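Participant: Provided below are the primary sequence and the corresponding predicted coordinates.
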Amino acid sequence: MGFLETHLLTAIVFLPLLGAFICLAFPKGEDSGVRGFALTVSLVDLGLAIWLWSRFSPNVAGMQLAERVEWIPSLGITYAMGIDGVAMILILLTAFLAPIVVLSTYSSVEERAREFMVCMLFLQTGMLGAFAATDLFLFYTFYEVMLVPMYFLIGIWGGRRRIYAALKFFLYTMGGSLLMLVAIIYTVWAVKDQGGLTFDWAVVTQRLASANLGSTEIWLFLAFAVAFAIKVPMFPFHTWLPDAHVEAPTGASVILAGVLLKIGTFGFVRYALWMFPKAAVAFLPTIGVLAVIGIIYGALVAMVQSDLKRLVAYSSVSHLGFVMLGLVSMSVTGVAGSVLQMVNHGISSGALFLLVGVIYERRHTRQLDDFGGLAKVMPKYAFLFVLLALSSAGLPGLNGFVGEFMIVMGSFGAMGPTMDVTNGELARIGISLAGVIGLGAVILMVMKVAAERARMSLWQRVGAVALVALAALLIVAPPIGGFGGGLLVRPLVGLTSDNGDFREIFALLTVFAGTGVIFAAVYLLIAVQRVFFGPIRHAENEGLEDLSFREQTVLWPLAIVAILMGLFPQPFIDMVNPTVDAYARQFRERANLPAIAMTDAPALQPLTPAQRDQANERRRLPAPRAHGNDPNLRVRKGAQE
Amino acid sequence: MNIVQDLGLLAPVLVVTIAASVVLLLTVAHGYGRPAPQTNGHMSFVALAALAVAAWLMWTAEPGSHTAFSGAIVVDGLGISFGLTAVVGAFLSVLLATSYLNEHELAHGEFIALVLLSTVGMLVLSMAGDLITLFIGIEVMSLAVYVLAGYRRSSRRSQEAALKYFVYGAFASAFVLFGIALVYGEVGRLLGKPGITMQVVAQAFSRDDLSNLGWIGVAMVLGGLAFKVAAVPFHMWAPDVYEGAPTPSTGFMAVGVKAAAFAGLLRFVAATLVHAPNGRETFVQIFELLAILTMVTGNLLAIRQSQLKRMLAYSSIAHAGYVFVGLAAFVAQPQGRAVEAIGYYLLGYTAMTLGAFGVILAFERRGDRRLDLPMERLSGTGHKYPALGLAMSLFMLSLAGIPPTAGFFGKLAVFSAAVEAGRVPVVVVAVLASVAGAFYYLRVLVMMYMRATGSDETRIHSPWLAAGLWACAALTTVAGVIPESYLGFARRVLAGWLT
């Protein structure tokens, strides 16, 4: 036991891989044996993860249970693993979802069960490794390795357009992550002078703090951020997600939504934001705006879907927008809420995908119109679906509420980045860009809706598009020349160029994000209503069987966890809080942000000069950098005087 | 001047040479033209044993630089590490070729003797101490490969490939020779006495009054070598020759020739450009331009291919481009790490490319008159032959650069060298090109696994093939997971190479 105790993380990460190799040795057609074996492996892994949890001490902020072996000394690469609170909770989530998924595929995957299980277990190793790794090279290895089994899962067991979806998923993610690889190499070599090559995440971060990379840091941050933004996926990098989700088999969808997307948000907090705080701070408002666009856009698009699975897929875009908003608010409450929301989304979205899979297996359709009145024939199913839909929509008492509430609270009170004007200008450009992208998205969506109503005459269509474009212009148009920008953008611009104080932006963004909660309730309840209530409109639906014992075994654990986390969130919050607290505080310190305080209620209007001076003083405004010939700075100095 | 000592230094080359002679003699003794290919496995054994001994001699070689035969041969880190790659390539090729020759009832002896002779040329090329030896190495290597390309005498395509390769190749050789002559003249002009060894050339090139003729000579030699590695714009021959040549020959020429030619390139630039006080930056930019052109052209054209061997031809062009990134980094900042990176890349490339050709070869049954394997024909084979499918997946993912394979770590090492030399833009282009590259490698997997149709292809079952594929797969994985094993070896033998 001694070895296992000291190498517990390694055991957890590589046990599924070992299982995958053993699965390969099973004879062809031995499906039930392979399934049972894979289930056993994932259950043992869950047991190990729970043991890990029991040994994890939540009061320590740093890396725990660390392991470290020299791997490629020529390049300073180590096999280093360790967990903090965030990694711990995500490892638990992964280990928890794995047996559920394996069990759920007993009936849905009839062909090539052996290969399916091999991919699944292989994928599990990739995900767990990505959370546990504390060496940049090791992390990247796991991060990339994950693509391969997912590619096969979508491509072999997927729906009609599976090949397109699988390729798109793979190339999108790979494109982003290769740029990140260049950034990793560059970073490692840039800090080489401070004591040799190392890929160790903590050491590199520490060295970066004292290294002066200048504007390169912005490019490095962007390379990381784009890689993770594709993975999350953040608007406007989300287009691979609906395709991948809709085409993927149920089990793969659950893992994709439940865990894979979290690696993006996890990467944001662990790598992109943490390693480059000085560059990140200029982009926080931009990311916030994109997150809010994602929330609203995802919700709106989910609302018009006629395919249940696509609806759940777009709801992921919306929910992960919340997670991103909480992360970039960089307040303890916000980040902790984000981490909880990652888990919550994993549970409720995963459960919803499983539930969609259940009726798809029975009816081989996912169109909302093909159902109706299912509550009468499938009462247990309806009960679980409604429960988990409400958890996804954030009903108080269920898990979704806790995370969303903390995010909203945290980002509303976030003492946002206070920055000098050059960065403020950058942020303003970012906001404008986000505005343009949002505008484009709205127009595209309108055109798509218009295209579906083909019977409209040309003039009607043109009129509709023009009307919506005008409305969109009023709302999100970027500021150009004398035009001050759309209604949504104008106050942001006013704030940015006025005093460079972004706190209010987050308050404003939170208000918009709040609408997402309402939308979520709307689209989920519409779906529930169309599927479960009203008369049974299709004769095929009358004889549908309710959930089998196995299906209930798959779904009830998720429902129970959803309720437990909703009623007793404290242990989970305690698990992540010290870590998150350290993250947020140190991030703010290193990025020259004001320390976290919830002293004054955020104002929605620009502060008066007197108030601003007072606030700046209280927030220990960093001394303006000495750019002698920077015209922006002079403007700013004038404003301060 | 101790000839015994010199011969001792050359032991790996001699072992391979002797084995080639033995195989030729056995062929003659067996009686020419008698069809009994099944009994000829012993020739492969002779070749494998000799190559294994040569590889072992090089793997355990002492660090340091030793010259032999009045400086004509330099046994140093570069020669040993790249020579090892060539020998490994030959070893794997012999394994794969034996199954092919058995299946198609082609004579073993000549094929294996030619592979060994070509390997001798590669070793000489990578250990060349002067420009004449460099040329002799190129020629010995190439002549054997020309014949290998046309080994299926009954096939017109094979003959066409051989002729095409020969004509283009002769042209390139002439360029190299002319370039050498110009460099020789320039050295004589600058130093006042003629000299052809790398050291003397380096002396001449470290002066700052080089004439344009000298530079033209350098460019011509580089062009000729770029032809051998199939870098754009000297790549035109590759797709046709790769397609027409019998598959084991294609595999062999794709890996060994490339490794040896890069060794020659490194040796030549280390003697000339690296020492040149001016003009170096220009050449770095030219190399980078070549690298970008090669990567982009290779990858984009590979996407359009529907035949596997042709696709792999373009893929090998693209890989030459990645290596060129490392070469440019080496010229910009000459240090051992870049050479290690290139050496590692070529070793990984050898394993994965030969593996891919091995899988293609497995589907070429007796009486198969197809010129190339159409990609459509792969559909469903992954499920029909799980082991073969798994192997092909590994090779394709490695070629695409997915960790933890040798293909990924090679890219990382080469890109690191370029970043270290401050050459970031070319690296960004390289990663973007490799995303495009991933597309066509993944398409092979799409064909093998994701098409619903069953397959009516049948495969060769042969212990030789199985051994070859297992060896390629093992090398791809082990080198990828424990790159330190090779890097440690390379650093040990390369110690003090540049000084």
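Facilitator: On my side now, so go ahead. All figures in this text were calculated on a predicted structure; none of them were measured in a lab. Numbering: from 1, shown residues only, chains lettered A, B, ... in the order given.
Participant: Only C-alpha atoms from now on, for both contacts and neighbour counts.
Facilitator: Will do.
Participant: How many neighbouring residues does residue A:54 have?
Facilitator: 10 (other Cα atoms under 10 Å in any protein chain shown).
Participant: so where's chain B uncertain?
Facilitator: For chain B, the stretches with pLDDT under 70 are B:1, B:30-40, B:499.
Participant: any idea where the strands of it begin and end?
Facilitator: Applying DSSP state E to chain B gives strands spanning B:66-68, B:73-75.
Participant: which parts of the stretch 201-350 of chain B sit against chain A?
Facilitator: Nowhere does the stretch 201-350 of chain B come near chain A, counting by Cα under 8 Å from any Cα of the partner chain.
Participant: Residue of the stretch 201-350 of chain B nearest chain A, please.
Facilitator: residue B:337 (9.2 Å; Cα to the nearest Cα).
Participant: Please, where are all the strands along the stretch 451-600 of chain A?
Facilitator: Counting by DSSP state E, counting those that start in this stretch, the stretch 451-600 of chain A has no strands to list.
Participant: re the thing from before, and residue A:96, which of the strands of chain B is closest to it?
Facilitator: Of all the strands of chain B, it is strand B:73-75 that lies closest to residue A:96, at 58.0 Å by Cα to Cα.
Participant: and the closest one, what other elements does it pack with?
Facilitator: The contact analysis (3 or more Cα pairs under 8 Å, 6 or more residues apart in numbering or on different chains; DSSP states H and E) places strand B:73-75 against strand B:66-68.
Participant: Okay, buried residues for the strand it packs on please.
Facilitator: The neighbour-count check on strand B:66-68 (16 or more other Cα atoms under 10 Å in any protein chain shown) flags B:67, B:68 as buried.
Participant: For the longest helix seen in chain B, which helices and strands make contact with it?
Facilitator: Longest among the helix segments of chain B by residue count, using DSSP state H, is helix B:156-191. Here helix B:156-191 touches helix B:131-149, helix B:198-205, helix B:212-228, helix B:237-244, going by 3+ Cα pairs under 8 Å, 6+ apart.
Participant: And those: which comes nearest residue B:164?
Facilitator: Among the helices and strands packed on helix B:156-191, helix B:237-244 comes nearest to residue B:164, with 7.1 Å by Cα to Cα.
Participant: Report the angle between the closest one and helix B:156-191.
Facilitator: Calculated by axes from the mean of the first three to the mean of the last three Cα atoms, to 10 degrees, helix B:237-244 forms an angle of 150 degrees with helix B:156-191.
Participant: can you pull the contacts of residue 356?
Facilitator: The chain I'm using is chain A. Contact partners of residue A:356, counting by Cα atoms under 8 Å, 6 or more residues apart in numbering or on different chains, are A:308, A:309, A:366.
Participant: could you do chain B instead?
Facilitator: With contact taken as Cα under 8 Å, 6+ apart, residue B:356 is in contact with B:392, B:395, B:396.
Participant: mind redoing it with 7 Å?
Facilitator: Contacts here follow Cα atoms under 7 Å, 6 or more residues apart in numbering or on different chains; on that basis residue B:356 touches B:392, B:395.
Participant: now residue B:161
Facilitator: Neighbours of residue B:161 in contact, by Cα under 7 Å, 6+ apart: B:149, B:150, B:240, B:241, B:244, B:245.
Participant: Just list what the host helix or strand of residue A:255 packs against, helices and strands only.
Facilitator: Residue A:255 is part of helix A:250-255, with elements assigned from DSSP states H and E. Under the contact definition 3 or more Cα pairs under 7 Å, 6 or more residues apart in numbering or on different chains; DSSP states H and E, helix A:250-255 sits against helix A:85-108, helix A:332-363.
Participant: ok, then the element right after that helix?
Facilitator: Counting by DSSP H and E, the next helix or strand C-terminal to helix A:250-255 is helix A:261-267.
Participant: what does that following helix contact?
Facilitator: So helix A:261-267 is in contact with A:228, A:229, A:231, A:232, A:233, A:324, A:342, going by Cα under 7 Å, 6+ apart.
Participant: cool, stretch A:535-551 as well?
Facilitator: Stretch A:535-551 is contacted from outside by A:104, A:370, A:371, A:372, A:373, A:374, A:377, A:378, A:380, A:381, using Cα under 7 Å, 6+ apart.
Participant: Only alpha carbons, please: show it as CSV.
Facilitator: Extracted in CSV, the C-alpha atoms of stretch A:535-551 (Å, rounded to 0.1, in the frame of the first residue of the first chain):
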residue,chain,number,x,y,z
PRO,A,535,-52.0,15.5,-25.1
ILE,A,536,-50.1,12.6,-26.6
ARG,A,537,-50.0,13.6,-30.2
HIS,A,538,-48.2,10.7,-31.7
ALA,A,539,-49.5,7.1,-31.4
GLU,A,540,-45.9,5.8,-31.2
ASN,A,541,-45.5,7.6,-27.9
GLU,A,542,-48.3,5.7,-26.1
GLY,A,543,-46.5,2.5,-25.6
LEU,A,544,-43.2,4.0,-24.4
GLU,A,545,-41.6,2.2,-21.5
ASP,A,546,-40.6,4.1,-18.5
LEU,A,547,-37.1,4.0,-17.1
SER,A,548,-35.6,0.6,-16.6
PHE,A,549,-33.8,-0.3,-13.4
ARG,A,550,-30.4,0.2,-15.1
GLU,A,551,-31.4,3.6,-16.4
